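>>> Build the 3D model from these lines:
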Amino acid sequence: MQGLTVTGQNTLVFVNPGTNASLQILRCWASQYGTTTSQQLGIQLNTQVSGFPTLTSVTPSQLDTSDPASKIVGSTNGAAGTCGVNASAEGSGAKTILFADSFNNLNGWLFVATPAEQYTLPAGSSAGFGIYLVSIPNSTAFWNAGVTYCEV
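Below is the predicted model of the structure:
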């Protein structure tokens, strides 16, 4: 997610493992540019079961271009084997908080999992993984967010 206007309190990034590979969550981030007004915001890493968020479709990018293409594809519906960003609707599925934190929008937020802290979503899981912005930002423009994951 790069330079997007968020709709308020919403899922910034959502990725749902398919049936072919488990996902290990390695790194998550969120940041904003275009404002100098400081605000403390709540953020969560969570899982969500169906109904999933309504998203903007995005194609995952590779860290190593010699790797095979991701089994995850961009989609707007959050279904198994898909990913998307910047939810316009959260869906009715229950969210389970894995990690809650807060950050200042002028500094940004970064979660880097040590091996013992990596969240793994098994292949065929009924839940997807999301970065959820708990607090509504004063400035909704120019948000960046992402998840680095490994397919195992």
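>>> all strands of this protein, in order?
For the chain, applying DSSP state E gives strands covering 11-16, 23-32, 40-49, 54-57, 73-74, 82-89, 95-104, 109-112, 119-121, 127-133, 143-151.
>>> mind checking which of those strands is nearest residue 65?
strand 143-151 (15.2 Å; C-beta to C-beta). C-betas here are computed from N, CA, C, even on glycine.
>>> State the pLDDT value of the closest residue to residue 90 other than its chain neighbours.
Leaving aside its sequence neighbours, residue 90 sits nearest to residue 53 (C-beta to C-beta, 6 or more residues apart in numbering; 5.3 Å). According to the prediction, residue 53 has pLDDT 96.
>>> Contacts only, for residue 53.
10-11, 14, 78, 84, 87, 89-91, 130 (C-beta atoms under 8 Å, 6 or more residues apart in numbering).
>>> pLDDT below threshold where in this protein?
For the chain, no stretch has pLDDT under 70.
>>> could you measure residue 128 against residue 147, distance?
Distance, residue 128 to residue 147, by C-beta to C-beta, to the nearest Å: 11 Å.
>>> Residue 109 now?
According to C-beta to C-beta, residue 109 and residue 147 sit 12 Å apart.
>>> So between these two, which is more surrounded?
residue 147 (23 against 19; other C-beta atoms under 10 Å).
>>> so the more buried one bridges to which residues?
Counting by DSSP bridges, residue 147 is bridged to residue 28.
>>> now do residue 85
residue 13, residue 56.
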